[in-house]
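Enquirer: Generate coordinates for the sequence data below:
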Amino acid sequence: MSGSLEGTTRIGRDSPPDFLEFLRSFAKLFYRTEGRWAMNRYVVGLMAPIKRKNCEQIAAAVAGIKAQELQALLSDISWDYWQMDRLRVGLLLGRAAVGEGVLVFDDTGIPKQGRDSVGVTRQYSGTLGKVGNCQVSVTCRYADPCYTWPVAGRLYLPKVWADDDKRRAKAKVPGEVKFQTKVELALALLDQARAWGIPHEAVTADGNYGDNPNFLSGLEARNEAYVVAVARDFTVRLPAELAKARQEAGQASPGATAVSVGEPAAGGSVGNQAERVGVELEAKPKHRGRPRKAPRVLSPEERTVLHKAFELTGAQLAGAWQAVTYREGAKGPITKEFVALRACRALKGKADGEGTYTGSEGWLIGERPLVGHEGEPKWYYSNFPPEATVSRMVEIGHRREPIERGYRVGKDGLGLDDAEVRLWHSFHRHQALVMLAETWLVLQRQWREPIATPEPEPDPLTASATPQAAEAAPPPGEPAPSTPISTPATSAPRPMPSPPHGVDRRDLTSRASADERMVLHQLRPLVGRYQPDRAAACPTA
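Expert: A predicted model of the protein is given here:
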């Protein structure tokens, strides 16, 4: 976003409708008024149309706060970002969840310069599309047919950081924080989501997690249903071929019966048998060097052919593919062709058999564009039962889109990657506050009109103003504002509220750049729901 507030334009002390009531749920995290006020100003600044959402830029654009006070919020004031996530999730579960939920896992890169910011190193970033100097945050997101919102996120601490005591001390990394892979962080977030009581039917993730056997094993150990994206060379074994190999192994002839000294064979005594064995041993030629190892007997699973995903789906006849419409897009329904076949995820392992693995039966799913349409083929794997429908698995597998949209809105609109912090807790506090800002937007369901309405949705930049509630008590020395007015939740249509950043409309219409207006429209989908075709059936917050 290149636009910014210019001249004397500043965001006043008034807040958007219902904002004060929303923040009261988190006031108990702070012992003093200064912390609550700084939280208010910081979140308002994150939603403001300013170029960079760091402490100095926010203080320059938001009235009633200084950069040092905002920096103290991130670094010095005592409060628990983990508890903020917990309270926020509890609020969302009561107001923004309709069932059929899915937990989505992914990670995002935050480009950084230098080497002092906690967790920064040269590593692969999907945001950059290459290896670069960045931080990586692993996140979990909730998505159901009507709502999508962030659950929590944790910074990935590379091993070069985890093993460097000097850097850990400088960045104030807690002693209990050890090196964890991204998969381990994702599973830890899943455990936390379960502990917080987030209802969900399945888990989904992209190929970086779907191709990792440790992630899939972790989900299966937790009895989690999943549909994950996998690479084209994802390997499986077919149940019919496995059954045949096991049957052949059970019927195989054991060969000549081995005779051991000490057990008489039929028609001979122990002494005669031992004498014959001794003669045979003497007759064998002696070999020099290390004795030869007996050839390793392959298990039935190892004797079964490993198939790659693209080979199996590519061999399916045209009649096996079916068209499935899984989401409503900006240009209409999104329909593609899918094929699903029962398979067992499997690994080849090493020559000595180490790492060889064959899991229980699941579904290998192939995706391709309709004839005459553009698009790349994709593949998925699921542990859903045999009676699962293809359309249901496809719909869940494509619930990953909200987390990508959340990253875009978080970075382009809410300053997820703008914080200039170096400490462990400062990074997580900024991330928690960004998620808090997004949560408030999600709860403003009345900011969206139903898709079924033929009239175009009003532009929040030109809609009539709603009276603003005065701010909560500021720090000592500031004039006391008036009592806020909160509008109770209702399913009836309500007036269009003012933009979430609280900027005076005259300043917006006369000074806002095209880029700033674009960001406001990027924020608006978060106030809506996940699938536009079901918007009218979703309750308002």
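Enquirer: Show me where the stretch 101-250 of the chain has its helices.
Expert: 159-162, 165-171, 182-195, 207-210, 213-221, 239-251 (DSSP state H, counting those that start in this stretch).
Enquirer: Just name the most buried of these.
Expert: Of all the helices of the stretch 101-250 of the chain, helix 207-210 carries the top mean neighbour count, a mean of 22, counting by mean count of other Cβ atoms under 10 Å. The way it works is simple: take the backbone N, C-alpha and C, and place the C-beta from them, glycine included.
Enquirer: For residue 130, the count of nearby residues, please.
Expert: Neighbours of residue 130 under the rule other Cβ atoms under 10 Å: 9.
Enquirer: Tell me where the model's unsure across the protein.
Expert: Along the chain, segments meeting pLDDT under 70 span 1-10, 14-17, 251-287, 289, 292-298, 351-353, 445-541.
Enquirer: Show me how it divides into domains.
Expert: The chain breaks down into these domains under automatic domain parsing: 19-79+444-537, 81-232+403-412, 235-243+299-376.
Enquirer: out of those domains, which comes closest to residue 435?
Expert: When the domains of the chain are compared by Cβ to Cβ, domain 81-232+403-412 sits nearest residue 435, at 4.4 Å.
Enquirer: Could you work out the end-to-end span of the closest one for me?
Expert: Distance across domain 81-232+403-412, first residue to last, is 22 Å (Cα to Cα, to the nearest Å).
Enquirer: Work out the gap between that domain and the centre of the chain.
Expert: On the basis of Cα atoms, centre = their mean, to the nearest Å, domain 81-232+403-412 is displaced by 5 Å from the centre of the chain it belongs to.
Enquirer: related to what we said a few turns ago, can you add distance to residue 392 and give the domains of the chain back as CSV?
Expert: Formatted as CSV, the domains of the chain follow (distance: least, Cβ to Cβ, whole Å):
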stretch, distance to residue 392
domain 19-79+444-537, 14
domain 81-232+403-412, 9
domain 235-243+299-376, 10
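Enquirer: what number of residues lie near residue 211?
Expert: Residue 211 has 17 neighbours, counted by other Cβ under 10 Å.
Enquirer: Was I right to think it contacts residue 230?
Expert: Yes. Here residue 211 reaches residue 230: they are 5.5 Å apart, a contact under Cβ atoms under 8 Å.
Enquirer: Residue 124 versus residue 403, what's the distance?
Expert: Noted for residue 403: a distance of 18 Å to residue 124, by Cβ to Cβ, to the nearest Å.
Enquirer: Among these two, which residue is more densely surrounded?
Expert: The neighbour count for residue 403 versus residue 124, taken as other Cβ under 10 Å, is higher for residue 403 (25 against 15).
Enquirer: Identify the residues contacting that one.
Expert: The contact partners of residue 403, by Cβ atoms under 8 Å, 6 or more residues apart in numbering, come to 104-106, 139, 141, 143.
Enquirer: can you pick the most crowded of those residues?
Expert: residue 105 (30 neighbours).
Enquirer: so who does residue 151 touch?
Expert: Shown in contact with residue 151 (Cβ under 8 Å, 6+ apart): 85, 89, 103, 139-142, 189, 192-193, 196, 198.
Enquirer: do residue 163 as well
Expert: Taking Cβ under 8 Å, 6+ apart as the test, what residue 163 contacts is residue 179.
Enquirer: returning to that earlier point: quickly name whichever of the contacts of residue 403 is closest to residue 29.
Expert: Comparing those against residue 29 with Cβ to Cβ places residue 139 closest, at 20.9 Å.
Enquirer: so that closest one bridges to which residues?
Expert: residue 106, residue 153 (DSSP bridges).
Enquirer: I'd like the helices of the stretch 101-250 of the chain as JSON lines, with distance to residue 119 appended.
Expert: Below are those laid out as JSON lines (distance: least, Cβ to Cβ, whole Å):
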{"stretch": "helix 159-162", "distance to residue 119": "6"}
{"stretch": "helix 165-171", "distance to residue 119": "8"}
{"stretch": "helix 182-195", "distance to residue 119": "12"}
{"stretch": "helix 207-210", "distance to residue 119": "18"}
{"stretch": "helix 213-221", "distance to residue 119": "21"}
{"stretch": "helix 239-251", "distance to residue 119": "43"}
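Enquirer: just how off-centre is stretch 61-81 within its chain?
Expert: How far stretch 61-81 lies from its chain's middle: 28 Å, per Cα atoms, centre = their mean.
Enquirer: can you pull the buried residues of that stretch?
Expert: 61-62, 64-65, 69-71, 73-74, 77, 79, 81 (16 or more other Cβ atoms under 10 Å).
Enquirer: and residue 340, helix, strand or coil?
Expert: Following DSSP: H, G, I helix; E, B strand; the rest coil, residue 340 is assigned to strand.
Enquirer: Can you name the residues that contact the closest residue to residue 35 other than its chain neighbours?
Expert: With Cβ to Cβ, 6 or more residues apart in numbering as the criterion, residue 35 has its nearest non-adjacent residue at 4.7 Å, and that residue is residue 77. If a contact means Cβ under 8 Å, 6+ apart, then residue 77 has 30, 32, 34-35, 38 as its contacts.
Enquirer: do the same with residue 325
Expert: 333-335.
Enquirer: surely residue 443 meets residue 23?
Expert: No. If you go by Cβ under 8 Å, residue 443 and residue 23 don't touch, sitting 11.8 Å apart.
Enquirer: quick one: which of those two has more around it?
Expert: Neighbour comparison, residue 443 and residue 23: the larger count goes to residue 443, with 22 against 19 (by other Cβ under 10 Å).
Enquirer: and that one, what does it touch?
Expert: Contacts for residue 443 were tallied using Cβ under 8 Å, 6+ apart; they are 18, 22, 91-92, 95-96, 541.
Enquirer: Could you measure from it over to residue 97?
Expert: As defined by Cβ to Cβ, residue 443 lies at a distance of 12 Å from residue 97.
Enquirer: okay, the contacts of residue 325 in a markdown table with secondary structure, neighbour count and distance to residue 416 next?
Expert: Formatted as a markdown table, the contacts of residue 325 follow (DSSP: H, G, I helix; E, B strand; the rest coil; neighbours: other Cβ atoms under 10 Å; distance: Cβ to Cβ, whole Å):
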| residue | secondary structure | neighbour count | distance to residue 416 |
| --- | --- | --- | --- |
| 333 | strand | 10 | 31 |
| 334 | strand | 15 | 27 |
| 335 | strand | 15 | 33 |
